[in-house]
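Participant: pasting the structure only:
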């Protein structure tokens, strides 16, 4: 089983609005509400792929109960720590005519000390039966930079492998715990290592992270593909198949889920990376995070050229 941990889940309300303007009243042509947060998106994709998964983390208030209600409706297994403060609601507005894409993300609730204690207990119960634990997303802003370091260190005691997909201070500190796999996007990678001026420079910086004990690094670069390091080899996807993008939200989470779905079952790294990238592409053609078409994924995967470069 793959356990996902989301410290700041949300209800994501997605609107399609024609001719959106900053002023005035608008009527949505379509609205979709889904439980969100990066780890939850990963679990949604894994569940749709038939991979055993469970979502955990911290939810609160009426919104937290709504997150659980939505996951139950989707048949995605979950077991969260509850707090009184309200989980956040995020808003995405899309205007297909102008290609406008606007996100409004709430900060999320302040998490009391007791909730962290209960999360450690929950991980002690859940993690030992898992092959991977995925820590994904940014916690509420005042959360300690060391939170992922501590959580990773805990689950490593149970012999599980760890994936970390976050940014900023949480990624910087989390890497010190030596997770097996990290997946920053291009902006997050540069937040971590500083400005990167070329592919060669990016690989140099990634190898410095590898030398600190991170086995696998996948840097997603949007429609430009991805750069990756695994088992002493460097890989480059210079471009992805042409698709009609509806919304890129959740594509990175779909990449993580698609990669782990294959990699955990013994697929070689290039095959797992292609599968992850294809899932990310298919997600981008849909309205809502973690949604995809499996036939499209299989077709896209065959169209992805992956170069193996000298170390």
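Facilitator: Nice, I can see it. All of these numbers come straight from a predicted model, not from anything done at the bench. Numbering: from 1, shown residues only.
Participant: tell me, what residue is most central in this protein?
Facilitator: The residue lying closest to the centre of the chain (C-alpha atoms, centre = their mean) is residue 253, at 3.2 Å.
Participant: now for the host helix or strand of that one, which elements pack on it?
Facilitator: Take DSSP states H and E as the rule and residue 253 turns out to sit in helix 251-263. When contacts are defined as 3 or more C-beta pairs under 8 Å, 6 or more residues apart in numbering; DSSP states H and E, helix 251-263 packs onto helix 38-48, strand 132-136, strand 161-165, strand 216-220, helix 269-284. All C-beta spots, glycine's among them, are computed from the backbone N, C-alpha and C.
Participant: and the first one, average pLDDT?
Facilitator: The average pLDDT for helix 38-48 rounds to 98.
Participant: thinking again about what came up before, hmm, who's touching the helix holding residue 253?
Facilitator: For helix 251-263, contacts defined as C-beta atoms under 8 Å, 6 or more residues apart in numbering pick out 2, 38-39, 41-43, 45-46, 49, 51, 132, 134, 136, 163, 165, 181, 183, 185, 218, 220, 226, 269, 271-273, 275-284, 289-290, 292, 297.
Participant: List only buried entries from these.
Facilitator: Among the contacts of helix 251-263, those classed as buried by 16 or more other C-beta atoms under 10 Å are 2, 38-39, 41-43, 45-46, 49, 51, 132, 134, 136, 163, 165, 181, 183, 185, 218, 220, 226, 269, 272-273, 275-284, 289-290, 292, 297.
Participant: ranges for the strands of this protein?
Facilitator: Here the chain has its strands, by DSSP state E, at 2-6, 10-16, 30-36, 53-60, 81-83, 88-95, 100-104, 132-136, 161-165, 181-182, 216-220, 226-230, 233-237, 307-309.
Participant: so of these, which one's packed in deepest?
Facilitator: For the strands of the chain, the largest average neighbour count (mean count of other C-beta atoms under 10 Å) is found in strand 2-6, namely a mean of 29.
Participant: Strand partners (parallel or antiparallel) of that strand?
Facilitator: Partner strands for strand 2-6, per DSSP bridges, with pairing direction: strand 53-60 (parallel), strand 132-136 (parallel).
Participant: For the ones you listed, give me JSON lines that also has mean pLDDT and distance to residue 235.
Facilitator: JSON lines is the format used below for the strands paired with strand 2-6 (pLDDT from 0 to 100; distance: least, C-beta to C-beta, whole Å):
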{"stretch": "strand 53-60", "mean pLDDT": "98", "distance to residue 235": "26"}
{"stretch": "strand 132-136", "mean pLDDT": "98", "distance to residue 235": "20"}
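Participant: among those, which is nearest residue 304?
Facilitator: Shortest distance between residue 304 and those, using C-beta to C-beta, is found for strand 132-136: 22.5 Å.
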